[in-house]
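Trainee: Okay, here's the prediction I keep looking at, along with the sequence it came from:
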Amino acid sequence: MDYVSEKRYPVNAKDYKLYEEIGEGVSATVYRALCIPFNQIVAIKVLDLEKCNNDLDGIRREVQTMSLIDHPNVLRAYGSFTAGYSLWVVMPYMAGGSCLHIMKSAYSEGFEEPVIATLLRETLKALVYIHEHGHIHRDVKAGNILIDSDGTVKLADFGVSACMFDTGDRQRSRNTFVGTPCWMAPEVMQQLHGYDFKADIWSFGITALELAHGHAPFSKYPPMKVLLMTLQNAPPGLDYERDKKFSKSFKEMVAACLVKDPKKRPTSEKLLKHHFFKNARSHDYLVRAILDGLPPLGERFKMLKAKEADLLVQNKDIYGDKEQISQQEYIRGISAWNFNLEDLKNQAALIQDYDCMSNAEDPDLSGKQMDRCNIDGFPAEKLPPKIANHSISAPSQEDGFNDLHDLETSLPSFPSKPLQALKGCFDVGEEAVGATSPNCKVTSQTECEQQVLMELSSSAMDQESERNEDNALSPKKVIGDENRDLLQPKYQSERNYSGPLLHRQKRDTNNLSSVEDTSEGAVVQRKGRFKVTSADLSPKGPTNCCFNPVGGGSACATISNPAASSVLPSLQCILQQNTLQREEILKLIKYVEQTSGKLVESGEAATNDLLQISPTWTREKELQAQFIGLQQSVGSLFEELQRQKMKNAQLERQLNAFFNKERE
Ligand SMILES: Nc1ncnc2c1ncn2[C@@H]1O[C@H](COP(=O)(O)OP(=O)(O)OP(=O)(O)O)[C@@H](O)[C@H]1O
């Protein structure tokens, strides 16, 4: 990228005067500020380095990338420096704020088409530039499209951008999992073959829908659900019925972006030539159409925060105190999803309970949106068969029963490595994944994946019989679409109030008092937007196991309908019980032999049989001991890894401080 910085902005906090807050992200607060020596208003993003844990690399990358940018549609950084435990990034102040904030303040149903075309064209120009320079933005969404008071549009936030040239060609296709679930391309979730800049085109299509409706498709669902819906459902799009007010060319443009096969999506350059963008207008038009009459950014932000706080107070009784932070984050529409493995598995167990209702009602989710959508400029034969033939093959969703069918039939299309898809949610390396999942410490990855897959399909089958009862969980029954932001806490309650969630137990989530509260645990690793908590790491042994000498069997509560997380402990539990039973039987036989004084023929045979299997039994015991030993060493290796990572982070911090001192 071209180096642009002519003017050297001061790198000392005392040269800036912070004014009001104008935005908040996962680990940063953004302020309007005055650069005193230049007497210039700027925006300063203050990142809490303590909150960023191990992601210093990411931050450094963001700042570096931002300061090398030279394009009118990409937000650049004037400079950055550390102040105490925070990093200050100085940027141009975009007085209109983000499109997301503007929608939340005044256009909750979304913008008019010419406004969307103008915003998207400018954003797309930014993407063309970014892609040309070998970068993938990876977080294209309305929250990152900023507008200045003169109507200039800039794409912001390189927090998760990746440089395809970082370490050579091999890295052109990325293998990390970052971004925000609703905007995330299927190939990013799947983690099978990596992904490239076409992932941004998918996010761009989702952003188009967000600007059209005021929210992204699937935004009311928890992350795991979003993940599965993105992978399994037909891509979202503009609906011919619901979205009558939008032009055919808009629908076609969106459909061209939201094709599951990235190869079939247009490049940003080609997309920019789409005739939809001929509807784009001038900066002045944007000012007149959406900025005029809006209160100043700081005030708007304050009002939004107050509105959120009100909503939280209103719902405190229903959702409880501990949900507040995640609710706030959700309502703000930021990407602070607190992914942890238990959450994801629990959400997988909940899957589709509310689909049966919602898919039929929510045009975003219905299959019919693509029916009459011929993609001009991008020939229909280039569409994947699922989309191209949609009008013929898509089953009617109206009765709300097809969802089950969908899930079953789409299981084969679910990533062949579903655990990898889950694993990806943490943006952690292979070793950490093994360690974060207590159930996967010794079994091979494939076995674990099979367990998850089994769990998903058994959950799908169970749900057919329980569908009617479970419809009570449908968000549509609880709350109207206009209050969509309030839906999330309901699911978050379910997420956070659950241990390994059995499908049957799920119904109890309506009665929170009956559900065990498993507190989340301290964050032990955070990468990008995702964190792994100590709760994910603590091994959860089998519970409620008791040996029943009368029935001669074991009663493991976790076995009747095993959640993925409990399958392995359950198997261990059975194994243990079998061993105990065998011991008991041997003792009994010995006792009978001694009291009867002679060997009954059949008894003899039975004893011999049992004695014959005893070497196997001994071997089992040995293996069990090895298993426990291995579990322990994986645990301590992981701890060591964490220690080293923390050390690393500390060193980086010191280096940073040193570097900044040098610059001063
Ligand atoms: N230069 C700017 N001018 C005006 N507002 C800004 C500016 N930069 C950021 N904001 C506002 O602050 C919000 C949060 O900033 P930012 O997105 O950079 O933080 P983040 O932690 O990366 O958040 P996220 O994870 O949601 O992307 C933005 O959505 C936007 O509304």
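Mentor: Arrived safely.
Trainee: And for Asp15, the neighbour number?
Mentor: Using other CB atoms under 10 Å, Asp15 is surrounded by 16 other residues. C-beta here means a position set from N, CA and C on the backbone, and glycine is covered the same way.
Trainee: List the buried residues for the helix or strand hosting Tyr129?
Mentor: Using DSSP states H and E, Tyr129 maps to helix 113-132. If you call a residue buried by 16 or more other CB atoms under 10 Å, then helix 113-132 has these buried ones: 113, 115-131.
Trainee: I'd like to know which elements that helix is packed against.
Mentor: Contacts defined by 3 or more CB pairs under 8 Å, 6 or more residues apart in numbering; DSSP states H and E place helix 113-132 against strand 145-147, strand 153-155, helix 198-213, helix 248-257, helix 268-272, helix 283-286.
Trainee: Show me the one of the ones you listed that comes nearest the ligand.
Mentor: strand 145-147 (5.5 Å; CB to the nearest ligand atom).
Trainee: Now do the closest one: everything it contacts.
Mentor: 75, 94, 96-100, 102, 119, 122-123, 153-156, 207, 286, 290-291 (CB atoms under 8 Å, 6 or more residues apart in numbering).
Trainee: give me that answer again for 7 Å
Mentor: For strand 145-147, contacts defined as CB atoms under 7 Å, 6 or more residues apart in numbering pick out 75, 94, 96-99, 119, 123, 153-156, 286, 291.
Trainee: does any bit of it sit next to the ligand?
Mentor: Yes. Counting by CB under 6 Å from any ligand atom, contacts between strand 145-147 and the ligand involve Leu146.
Trainee: Can you list the strands that that strand pairs with?
Mentor: Strand pairing for strand 145-147, determined by DSSP bridges: strand 97-98 (antiparallel), strand 153-155 (antiparallel).
Trainee: Let me have the ones you listed in TSV, extended by distance to the ligand and mean neighbour count.
Mentor: What follows is those, written out as TSV (distance: least, CB to the nearest ligand atom, whole Å; neighbours: other CB atoms under 10 Å):
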stretch	distance to the ligand	mean neighbour count
strand 97-98	4	24
strand 153-155	8	24
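Trainee: Kindly report the residues of this protein close to the ligand.
Mentor: Counting by CB under 6 Å from any ligand atom, the positions of the chain adjacent to the ligand are 22-28, 30, 43, 45, 75, 91-94, 97-98, 101, 139, 143-144, 146, 156-157, 159, 334-335.
Trainee: I'd say Gly96 and Asp148 touch.
Mentor: Yes. Gly96 is within contact range of Asp148, at 6.0 Å (criterion: CB atoms under 7 Å).
Trainee: Same question for stretch 243-250: list its buried residues.
Mentor: Residues of stretch 243-250 classed as buried: 243, 246, 249-250 (neighbour count, 16+ other CB under 10 Å).
Trainee: and what of stretch 9-19?
Mentor: In terms of neighbour count (16+ other CB under 10 Å), stretch 9-19 has its buried residues at 9-11, 13, 15-16.
Trainee: So for Gly96 and Asp148, which residue has more residues nearby?
Mentor: Gly96 (22 against 19).
Trainee: His193 belongs to a helix?
Mentor: No. According to DSSP: H, G, I helix; E, B strand; the rest coil, His193 belongs to no helix; its state is coil.
Trainee: Do me a favour and get the backbone dihedrals for it.
Mentor: phi -120, psi 20 (degrees, to the nearest 10).
Trainee: and it, how many neighbours does it have?
Mentor: Neighbour count of His193, defined by other CB under 10 Å: 10.
Trainee: likewise Gln654?
Mentor: Neighbour count for Gln654, taken as other CB under 10 Å: 10.
Trainee: Let me know the helix or strand that it is in.
Mentor: Using DSSP H and E, Gln654 falls within helix 601-663.
Trainee: Equivalent analysis for Met94, please.
Mentor: Under the assignment given by DSSP H and E, Met94 is not contained in any helix or strand.
Trainee: pretty sure it contacts Asp148?
Mentor: Yes. Counting by CB under 7 Å, Met94 does reach Asp148; the two are 4.9 Å apart.
Trainee: still on that earlier bit, format the buried residues of stretch 9-19 as JSON lines; extra columns: pLDDT and secondary structure.
Mentor: Listed next are the buried residues of stretch 9-19 as JSON lines, based on pLDDT from 0 to 100; DSSP: H, G, I helix; E, B strand; the rest coil:
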{"residue": "Tyr9", "pLDDT": "93", "secondary structure": "coil"}
{"residue": "Pro10", "pLDDT": "94", "secondary structure": "coil"}
{"residue": "Val11", "pLDDT": "91", "secondary structure": "coil"}
{"residue": "Ala13", "pLDDT": "95", "secondary structure": "helix"}
{"residue": "Asp15", "pLDDT": "97", "secondary structure": "helix"}
{"residue": "Tyr16", "pLDDT": "97", "secondary structure": "strand"}
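Trainee: Return the member of those nearest to Asn578.
Mentor: Nearest to Asn578, judged by CB to CB, of the buried residues of stretch 9-19 is Ala13 at 66.0 Å.
Trainee: Setting aside sequence neighbours, what's the nearest residue to that closest one?
Mentor: Nearest residue to Ala13, sequence neighbours excluded (CB to CB, 6 or more residues apart in numbering): Ala83, at 4.1 Å.
Trainee: Taking the buried residues of stretch 9-19 together, which two end up most distant?
Mentor: Tyr9 and Ala13 (12.2 Å).
Trainee: per-residue confidence for Val452?
Mentor: Reported pLDDT at Val452 in the predicted model: 35.
Trainee: and what of the one 5 residues further on?
Mentor: Reading off the per-residue confidence, Ser457 sits at a pLDDT of 36.
Trainee: hey, where'd the helices end up in the stretch 1-150 of the chain?
Mentor: Ranges of helices in the stretch 1-150 of the chain, per DSSP state H, counting those that start in this stretch, are 49-52, 56-67, 99-106, 113-132.
Trainee: Just the ones of the residues of the chain next to the ligand in strands?
Mentor: 22-24, 28, 30, 43, 45, 91-92, 97-98, 146 (DSSP state E).
Trainee: So which of the residues you listed is the closest to the ligand?
Mentor: For those, the closest approach to the ligand (CB to the nearest ligand atom) belongs to Gly23, at 1.8 Å.
Trainee: need the contact list for Ile201.
Mentor: Per CB under 7 Å, 6+ apart, neighbours of Ile201: 257, 265-266, 268, 271.
Trainee: Kindly recompute the last result at 6 Å.
Mentor: 257, 265 (CB atoms under 6 Å, 6 or more residues apart in numbering).
Trainee: coming back round to it: quickly, which of the helices of the stretch 1-150 of the chain bottoms out on average pLDDT?
Mentor: helix 56-67 (a mean of 66).
Trainee: show me what contacts Thr207?
Mentor: Under the criterion of CB under 6 Å, 6+ apart, the contact list for Thr207 reads 140-142.
Trainee: one step back: of the strands paired with strand 145-147, which is nearest Val188?
Mentor: Checking these against Val188 by CB to CB gives strand 153-155 as the closest, at 18.1 Å.
Trainee: Would you check how far apart the closest residue to Asp15 other than its chain neighbours and Ala13 are?
Mentor: Distances taken as CB to CB, 6+ apart place Ile36 nearest to Asp15, at 5.2 Å, with adjacent residues excluded. From Ile36 across to Ala13, the span is 11 Å (CB to CB, to the nearest Å).
Trainee: Over to Leu297?
Mentor: Distance of Leu297 to Ala13, computed by CB to CB: 22 Å.
Trainee: for Ala199, same thing?
Mentor: 36 Å.
Trainee: Equivalent analysis for Lys125, please.
Mentor: 34 Å.
Trainee: Over to Lys263?
Mentor: To Ala13, Lys263 is 48 Å away according to CB to CB.
Trainee: again with Tyr19
Mentor: Distance from Tyr19 to Ala13, by CB to CB: 14 Å.
Trainee: same deal with Gln626?
Mentor: Distance of Gln626 to Ala13, computed by CB to CB: 56 Å.
Trainee: can you check Trp202 too?
Mentor: Applying CB to CB to Trp202 and Ala13 gives a distance of 39 Å.
Trainee: try Tyr78
Mentor: Separation of Tyr78 from Ala13 (CB to CB): 14 Å.
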